[in-house]
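*Asks:* Whatever this is, show me its structure:
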Amino acid sequence: MSPEKRIACLDVSLLAYDERVCAAAVQGLLNRSGARVFLDYGTYDDPMARRTNEVFMDDDFWYGKYRAMLGNQDQNNLDYYKKEHGFAVEQLKCLNDLIIQNLTTFKGYVVWDDTQPDTINLAVMLAGLDELLAVSPAQEEWVKQFSLPKTHDLRGKWQNRVDIYTWAFENLFTRCKNGMLACLEPAWERPEFLDYAVQNSIFIYSLSSTFKGFGSTALLLLAFGPPWLRELLFALRLDGLLKRLALTWMGHQSAEVKLSNRIQSAVESLPYPTIFGWHTKRDDELTFMLQLSSNGMRLVPSHLAGNFSFHSQVKPLGEFKADPIPEVQLDPQGVYVTFTLSDGDQLMMMNTAQLGNWNSPARGSIPFNWETQPLLADLAPALLERFSRTKSANDCLVAGPSGAGYVVPPLAAHFSDYMRATAITCQRAGINVVTTYVADPPRRVLNQLVKYKGHLLGFLSGYAIVTRAPQELVQGTPVFANEIPQVAHIWDTANQLLSQLEGLLLKVNDKPRFIGVHLFAYRTSIDDVAAFIKKHNTGHLHFVRADEFLLLAQKHLNNSSK
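*Replies:* Take a look at the predicted model:
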């Protein structure tokens, strides 16, 4: 067997946090030369592993619904690589073995400061830039056995995280990879994505994205405010001014926001500035998204996403091709329903077979849409391949919000550039339907949405409905808002959500009717939907894929306009 087909696998599931940080950084360095090292993080039984989603996936949900379905995602992925790509696995006993086998790779070591956890991000950056082991103070005696020089000691150098990341920005940013950034929160104590950051020498920081008050309120208004007011602001092109005022105001109120604005604004467009990671403990998803979108970035959500330095190095077995455009026949009395599983833009969802839903026996038995991160075509093509090669005729891969990377469209700077990049990436990924985050963006944004759509068939819009749920043709392209859920019901259980759909179906008068349902992945599974369809699949009620749904809707609207 050729050397490039041999994998060293290390079980890190029982290691302490500092040991897993060190192991992930080592993995990133070693995987620069190919798919060589794979880490097994085990199952996420510790609630700390799910802490950014603990409201949605507490132990009752985890053990009652998801754990058995998901299994050990790392072993599942490894089994795929062994079977389909012919890799052979050597199971290592400990981290020492991995380091000793590759000792000539490392030029020294860097020690972070336990009293300032953000120095972990600095240590990891330096590890990638200077080919170092990254260790905690408690590991320093251990690391001395390798007879490597201590090149950096980060203890006692800074008073707070703003000082830490100011120094890093001024001294390390230009040495890091162009076009990319990562916001990784040390306090989550989940080092999974560090390997990819090290492999690619990505600049890493962890700073708050918001300060409550005028600034955050203004950004919320532009994204989700009263439709008439948003239409007026965008028609008068006052949205850019209001965004700049909002960001500046928050920066004046918070040194963290000011510095994070500065860092985000410095990232080059290659082809669109990209940030990996997730929000910090001091803010939340929405405020993080409002800031980064306004600063002209797209997010690749990367929390809990392990082994991407490995996935990125495995070449796919072929090209990705979109499904043939289906031929559709409109039922004038029909009610059409399409179901889309949320959060597929998260690398963790891709890495876990959509929280295990992809492994369900129900998959293939019903028409179902799977949000997918199309940037996998570049970041981890062999992982995308798992989906494209095993999908059934009923499985439709669609791009997660709002295309190639997560953005809030009304706030996205250079949105036309983003959509142009999305169309190109989706074509490479074999995807022709996109879900877009805001259900009812202003008309100017809608026109930008479809201007560079290329081969894309149309758009399902709305993670949830805040005010309106428009369904229309925009320059001939169907843009249909999901009707379920309303924003107050995003976190409903599967029974609550499907009961709402059942009630809506009973009230349908005008036909044909088109109902999009956006399923919150941390509450509703494909098994829940399959049971619902089995009960209701009668008469003029049609359950369809997203591409069929949009083509039928387009045909209906074209007929109505004649």
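
*Asks:* now the helix or strand that contains Phe276, how far from the chain's geometric center?
*Replies:* Element membership for Phe276, per DSSP states H and E: strand 274-277. Relative to the chain's own centre, strand 274-277 is displaced by 9 Å; criterion: C-alpha atoms, centre = their mean, to the nearest Å.

*Asks:* Pairing partners for that strand, with directions?
*Replies:* strand 180-183 (parallel), strand 298-301 (parallel) (DSSP bridges).

*Asks:* nearest to Tyr80, of those?
*Replies:* strand 298-301 (21.7 Å; C-beta to C-beta). All C-beta spots, glycine's among them, are computed from the backbone N, C-alpha and C.

*Asks:* Give me the contacts around the following helix or strand past the strand holding Phe276.
*Replies:* On the C-terminal side of strand 274-277, the closest following helix or strand by DSSP H and E is helix 285-294. If you take C-beta atoms under 8 Å, 6 or more residues apart in numbering as the criterion, helix 285-294 is touched by 183, 209-210, 216, 219-220, 223, 243, 246-247, 250, 257, 260-261, 264, 275, 278-280, 298-299, 406-409, 411-413.

*Asks:* Give me the spatial nearest neighbour of Asp527, chain neighbours excluded.
*Replies:* In this structure, Asp527 finds its nearest non-sequential neighbour in Ala362, 5.1 Å apart by C-beta to C-beta, 6 or more residues apart in numbering.

*Asks:* surely the one you found meets Phe532?
*Replies:* No. Assessed by C-beta atoms under 8 Å, Ala362 is found out of contact with Phe532, at 11.0 Å.

*Asks:* who are the neighbours of the helix or strand hosting Asp18, in terms of helices and strands?
*Replies:* Assigned by DSSP H and E, Asp18 belongs to helix 17-30. Applying 3 or more C-beta pairs under 8 Å, 6 or more residues apart in numbering; DSSP states H and E, one finds that helix 17-30 contacts strand 37-40, helix 95-101, helix 119-130, strand 132-135, helix 194-199, helix 308-311.

*Asks:* Please identify the buried residues of it?
*Replies:* Buried residues in helix 17-30, counted by 16 or more other C-beta atoms under 10 Å: 18-30.

*Asks:* could you point out where the chain is predicted with low confidence?
*Replies:* Along the chain, the parts satisfying pLDDT under 70 run over 1-3, 54, 562.

*Asks:* Work out which residue lies at the spatial centre of it.
*Replies:* Gln346 (2.4 Å; C-alpha atoms, centre = their mean).

*Asks:* Not counting sequence-adjacent ones, nearest residue to it?
*Replies:* Nearest to Gln346 is Pro301, by C-beta to C-beta, 6+ apart, at 4.2 Å.

*Asks:* quick one on the thing from earlier: could you check the distance from the residue nearest to the centre of the chain over to Val466?
*Replies:* For Gln346, the distance to Val466 equals 22 Å [C-beta to C-beta, to the nearest Å].

*Asks:* circling back: mind checking the helices and strands packed on helix 17-30 for the one nearest to Gln373?
*Replies:* Per C-beta to C-beta, nearest to Gln373 of these: helix 308-311, 11.2 Å.

*Asks:* List the residues that contact the closest residue in space to Thr436 that isn't next to it in sequence.
*Replies:* For Thr436, ignoring the flanking residues on the chain, the nearest one in space by C-beta to C-beta, 6+ apart is Ser402 at 4.2 Å. Ser402 makes contact with Val408, Pro409, Ala412, Tyr418, Thr422, Val434, Thr435, Thr436, Tyr437, Val438 under the criterion C-beta under 8 Å, 6+ apart.

*Asks:* Report the buried members of the residues you listed.
*Replies:* Buried members of the contacts of Ser402, scored by 16+ other C-beta under 10 Å, are Val408, Pro409, Ala412, Tyr418, Thr422, Val434, Thr435, Thr436, Tyr437, Val438.

*Asks:* And the strands in the stretch 201-350 of the chain?
*Replies:* In the stretch 201-350 of the chain, the strands defined using DSSP state E, counting those that start in this stretch lie at 204-205, 274-277, 298-301, 335-341.

*Asks:* List the buried residues in the last one.
*Replies:* I take that to be strand 335-341. Residues of strand 335-341 classed as buried: Val335, Tyr336, Val337, Thr338, Phe339, Thr340, Leu341 (neighbour count, 16+ other C-beta under 10 Å).

*Asks:* Right, I'll call it a day here.
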